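Peer 1: Structure here, sequence nowhere to be found:
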């Protein structure tokens, strides 16, 4: 089935998994609509096309009044600096006590939207600012509206049946003087990225997959940041895993890049200590089986839109070498990915 997947960090009654069936798809490259059913089999197709045209006309209008879905399950909130730094310190202590190897801790920041905020203009600005990221705008009744620019592939299956996933971790700011080819990485970032690599490899081992190609780690750019990334590919034409994409999606999520290691104690630590529900932040999203391809990304560098407030989310991987001040700065840099395309005072 073709459609768009939108999954939370953890599926719950409050935050269910969402799948939007692709009855109709639109390509900005071809500027054409594609109907995934025969129009003459739908007696209301004329009315359907008219409603579709009305919808596109509506979203082109200025958003002087809110025209996006708002979740009533969420109230404006944010994480104070002292609370986040104390949380990081607790995470370090848990690691030193042998309870965890790594835990990814996150926070949220609330920003008031200026009068006349235009969601479509903001999304277009996001696309122009981050042309190599997976930019998304998802608006679902009851679930709400989320906008993001993710740098991290979770699962990708091409038309030619090439599977791909990545291990992405380690963060440093991209400055005017930075040369990504000569980027210097501290032991903390190298260790953090190697943990994500091991996590992917363990997923391969659990299904006895040995035929994969690995490239990296190497420095990659993601907006105003640099990361370490290792790419893993599998030719599904040469291995007996016809459902590899689905299998790996189930095994990988949530990855150690958004949760930690070992997975279960890291997840429990996050739920008990983080102080808020991540909802769809650090979940995954993307088109499934569209023109024979699936592209699923981790929902990072994202913002949730409420009526008058934007909630921006970011996390940092905590290891024994972490420093609370530096982890706070890292989350701020990640939040700037989204905040710089919002017009704020």
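Peer 2: Looks like it came in fine. Here the structure is a predicted model, which is why all the values come from computation and not from measurement.

Peer 1: Helices along the stretch 201-345 of the chain, start to end?
Peer 2: For the stretch 201-345 of the chain, the helices defined by DSSP state H, counting those that start in this stretch occupy 244-252, 263-273, 324-339.

Peer 1: buried sites along the longest one?
Peer 2: For helix 324-339, a neighbour-count test (16 or more other C-beta atoms under 10 Å) marks 324, 327, 328, 330, 331, 333, 334, 335, 336, 337, 338 as buried. For the C-beta atoms, the positions are set from N, CA and C on the backbone; glycine is no exception.

Peer 1: Redo those residues as CSV? Include pLDDT and distance to residue 135.
Peer 2: Converted to CSV, the buried residues of helix 324-339 look like this (pLDDT from 0 to 100; distance: C-beta to C-beta, whole Å):
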residue, pLDDT, distance to residue 135
324, 97, 31
327, 96, 26
328, 97, 26
330, 95, 22
331, 96, 21
333, 93, 19
334, 94, 16
335, 94, 16
336, 90, 16
337, 88, 11
338, 89, 11
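
Peer 1: May I see these arranged in JSON lines, with distance to residue 13 as well?
Peer 2: JSON lines is the format used below for the buried residues of helix 324-339 (distance: C-beta to C-beta, whole Å):
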{"residue": "324", "distance to residue 13": "34"}
{"residue": "327", "distance to residue 13": "32"}
{"residue": "328", "distance to residue 13": "33"}
{"residue": "330", "distance to residue 13": "33"}
{"residue": "331", "distance to residue 13": "29"}
{"residue": "333", "distance to residue 13": "34"}
{"residue": "334", "distance to residue 13": "29"}
{"residue": "335", "distance to residue 13": "29"}
{"residue": "336", "distance to residue 13": "34"}
{"residue": "337", "distance to residue 13": "31"}
{"residue": "338", "distance to residue 13": "28"}
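
Peer 1: What is the nearest of the residues you listed to residue 162?
Peer 2: Closest approach between these and residue 162, by C-beta to C-beta: residue 337, at 28.3 Å.

Peer 1: Now the closest one. Nearest residue, chain neighbours left out?
Peer 2: Of all residues not flanking residue 337 in the chain, residue 301 sits nearest, at 4.3 Å (C-beta to C-beta, 6 or more residues apart in numbering).

Peer 1: For the one you found, what are phi and psi?
Peer 2: Torsion angles at residue 301 (phi, psi; degrees, to the nearest 10) stand at phi 50, psi 60.

Peer 1: and what of residue 123?
Peer 2: Dihedral pair for residue 123: phi -70, psi -40, per degrees, to the nearest 10.

Peer 1: ok, back up a step: quick one, which of the helices of the stretch 201-345 of the chain gets closest to residue 85.
Peer 2: helix 324-339 (3.8 Å).

Peer 1: now what about that closest one, what contacts it?
Peer 2: 81, 84-86, 88-89, 105-107, 109, 111, 126, 130, 147-149, 171, 173, 222-225, 300-303, 310, 312-316, 318 (C-beta atoms under 8 Å, 6 or more residues apart in numbering).

Peer 1: Please check these and keep the buried ones.
Peer 2: Those of the contacts of helix 324-339 that meet the buried threshold are 84-85, 88, 105-107, 109, 111, 126, 130, 147-149, 171, 222-223, 225, 300-303, 310, 312-316, 318, by 16+ other C-beta under 10 Å.

Peer 1: quick one on the thing from earlier: which of the contacts of helix 324-339 fall in strands?
Peer 2: Using DSSP state E, 105-107, 109, 111, 147-149, 171, 173, 222, 225, 302-303, 310, 312-316, 318 are the members of the contacts of helix 324-339 that sit in strands.

Peer 1: what's around residue 260, how many residues?
Peer 2: A count of nearby residues for residue 260, using other C-beta atoms under 10 Å, gives 29.

Peer 1: Break down the stretch 151-300 of the chain into its strands, ranges please.
Peer 2: Remark: strands assigned in the stretch 151-300 of the chain by DSSP state E, counting those that start in this stretch are 153-157, 162-173, 213-222, 225-235, 260-261, 284-288, 294-298.

Peer 1: other SSEs contacting the fifth one?
Peer 2: The reference is to strand 260-261. strand 102-112, helix 187-206, helix 263-273 (3 or more C-beta pairs under 8 Å, 6 or more residues apart in numbering; DSSP states H and E).

Peer 1: okay, these, which one's buried deepest?
Peer 2: Stretch with highest mean neighbour count among the helices and strands packed on strand 260-261: strand 102-112 (a mean of 22; mean count of other C-beta atoms under 10 Å).

Peer 1: sorry, back to before: which one of the helices of the stretch 201-345 of the chain lies nearest to residue 71?
Peer 2: Nearest to residue 71 among the helices of the stretch 201-345 of the chain is helix 324-339 (17.5 Å), distances taken as C-beta to C-beta.

Peer 1: now the angle from that closest one to strand 213-222?
Peer 2: When axes from the mean of the first three to the mean of the last three C-alpha atoms, to 10 degrees is applied, the directions of helix 324-339 and strand 213-222 differ by 80 degrees.

Peer 1: Let me have the helices of the stretch 201-345 of the chain in a markdown table, extended by distance to residue 158.
Peer 2: Compiled in a markdown table, the helices of the stretch 201-345 of the chain are given as follows (distance: least, C-beta to C-beta, whole Å):
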| stretch | distance to residue 158 |
| --- | --- |
| helix 244-252 | 10 |
| helix 263-273 | 28 |
| helix 324-339 | 27 |
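
Peer 1: Spatially central residue for the chain, please.
Peer 2: Nearest to the geometric centre of the chain sits residue 299, at 1.5 Å (C-alpha atoms, centre = their mean).
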